[in-house]
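A.B. asks: build the 3D model from these lines:
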Amino acid sequence: MEKVQLPNQPPAAPMPVVIAGALVKGKENYLAIGAYGVMSMQPPLVYISSMKAHFTNAGIKETGYFSINVPSAGLVKKTDYCGLVSGRDTDKSKVFSVFYGKEKHAPLIRECPVNVVCKVVKTLEFPNNEVFIGEVVEYYADKTCLTDNTPDAKKIDPLLLAGRMYRKLGGAAGSAFSVGKALMKKP
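C.D. replies: Next comes the predicted model:
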């Protein structure tokens, strides 16, 4: 394959889209986030990266908590809307049906198949962004999205961001931590 050098940018791999939830001045607010990831499995640590100007950041700093809500592809319009308008100017508290877990510090979205409550353990400052690292303190999933009591990506139908286009998952490519064993040398 012939390679072409491009301007420096993040890789074009699809990224999961999540909706961060926070209480800002006591009101539910939501923000679509394309910069989300897992940092550690034990303890379960995740991060979201948000531009400093985002209204939601103030609520996360105020309470020390945020939620991560995994929207299905069917929620693409509402998800995109939450990234297009600011909670400073628009009341986003009624976009979704809210519920709370044991921790009452972060709103969870009933329509999203997966929801987690995170307690901020560290905030990283960058010139334009703040990265909130959170420990997962509560985890919820719709029963209909489970297979053998484990969240099933196919049933969740998560929304992905690839460049300037939202995408859906395709078919399976292979079993993780298994398919590569075929290349291991046998003794």
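A.B. asks: dihedrals phi and psi, Val114?
C.D. replies: Here is the backbone geometry of Val114 (degrees, to the nearest 10): phi -130, psi 140.
A.B. asks: quick one: contacts for it?
C.D. replies: The neighbours of Val114, taking C-beta atoms under 8 Å, 6 or more residues apart in numbering as the test, are 69-70, 139-142, 145, 151, 156. Heads up, the C-betas are built off the backbone N, CA and C, glycines and all.
A.B. asks: looking at the residues you listed, which has the most residues close by?
C.D. replies: Within these, Asn69 tops the neighbour count with 26 neighbours, counted by other C-beta atoms under 10 Å.
A.B. asks: so that one sits in a helix?
C.D. replies: No. If the criterion is DSSP: H, G, I helix; E, B strand; the rest coil, then Asn69 is strand and not within a helix.
A.B. asks: so what's it up against?
C.D. replies: Counting by C-beta under 8 Å, 6+ apart, Asn69 touches 18-21, 30, 108-109, 112, 114-115.
A.B. asks: point me to the helix or strand that includes Lys78.
C.D. replies: Assigned by DSSP states H and E, Lys78 belongs to helix 76-84.
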